[in-house]
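Trainee: The sequence isn't on hand, but the structure is:
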């Protein structure tokens, strides 16, 4: 059975010369309220019951998994050591002349006011 990952929240509070780290579980602050078709409701409720989970846990977990999947390639990427070395090499190399870009930027912008 899949169990939702619990995320601990760290808060750093500093006063004068003293800093304190507080560790805690997130508190539920937001409420989602939306309508679904009866068929969708029945399907999701049946799946949640089959997984022996509450409807809220089931829906939130599904939404989080999909959000993480969708955002993964926009927030992080994983490279093997050889690929990483090549990537760093490309970032570190000196800029190269690009005649096409020079021509493009030498023309007035189509968005510029005349």
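Mentor: Thanks, I have the structure now. Just so you know, these numbers come straight off a predicted model, no measurement behind them.
Trainee: and the longest helix along the chain, which residues are buried?
Mentor: When the chain is parsed with DSSP state H, its longest helix is helix 55-75. Of the residues in helix 55-75, 58, 59, 61 count as buried by neighbour count, 16 or more other C-beta atoms under 10 Å. Backbone N, C-alpha and C define where each C-beta goes, glycine included.
Trainee: Could you tell me how far it lies from the centre of the chain?
Mentor: The chain centre lies 9 Å from the centre of helix 55-75; the measure is C-alpha atoms, centre = their mean, to the nearest Å.
Trainee: And the next helix or strand past that helix?
Mentor: helix 81-92 (DSSP states H and E).
Trainee: average model confidence for that following helix?
Mentor: Confidence for helix 81-92, expressed as mean pLDDT, is 93.
Trainee: Look up how far residue 106 lies from residue 100.
Mentor: Distance, residue 100 to residue 106, using C-beta to C-beta, to the nearest Å: 11 Å.
Trainee: Tell me the confidence at residue 108?
Mentor: pLDDT for residue 108: 88.
Trainee: Give me the neighbour count for it.
Mentor: Neighbour count for residue 108, taken as other C-beta atoms under 10 Å: 7.
Trainee: So which residue is dead centre in this structure?
Mentor: residue 71 (4.2 Å; C-alpha atoms, centre = their mean).
Trainee: Pull up the per-residue confidence for residue 96.
Mentor: So, for residue 96, pLDDT stands at 89.
Trainee: does it count as helix, strand or coil?
Mentor: Residue 96 carries the three-state label coil when classified by DSSP: H, G, I helix; E, B strand; the rest coil.
Trainee: Now do it against residue 40, distance only.
Mentor: For residue 96 relative to residue 40 (C-beta to C-beta), the value is 53 Å.
Trainee: And those two? Which one has more around it.
Mentor: Neighbour count, other C-beta under 10 Å: between residue 96 and residue 40, residue 40 has more, with 10 against 5.
Trainee: Residue 46 - how many residues pack around it?
Mentor: Neighbour tally, residue 46, other C-beta under 10 Å: 10.
Trainee: so which strand or helix has it?
Mentor: Using DSSP H and E, residue 46 sits in helix 38-50.
Trainee: so how far is that helix from its chain's centroid?
Mentor: Relative to the centre of its chain, helix 38-50 is centred 27 Å away, using C-alpha atoms, centre = their mean.
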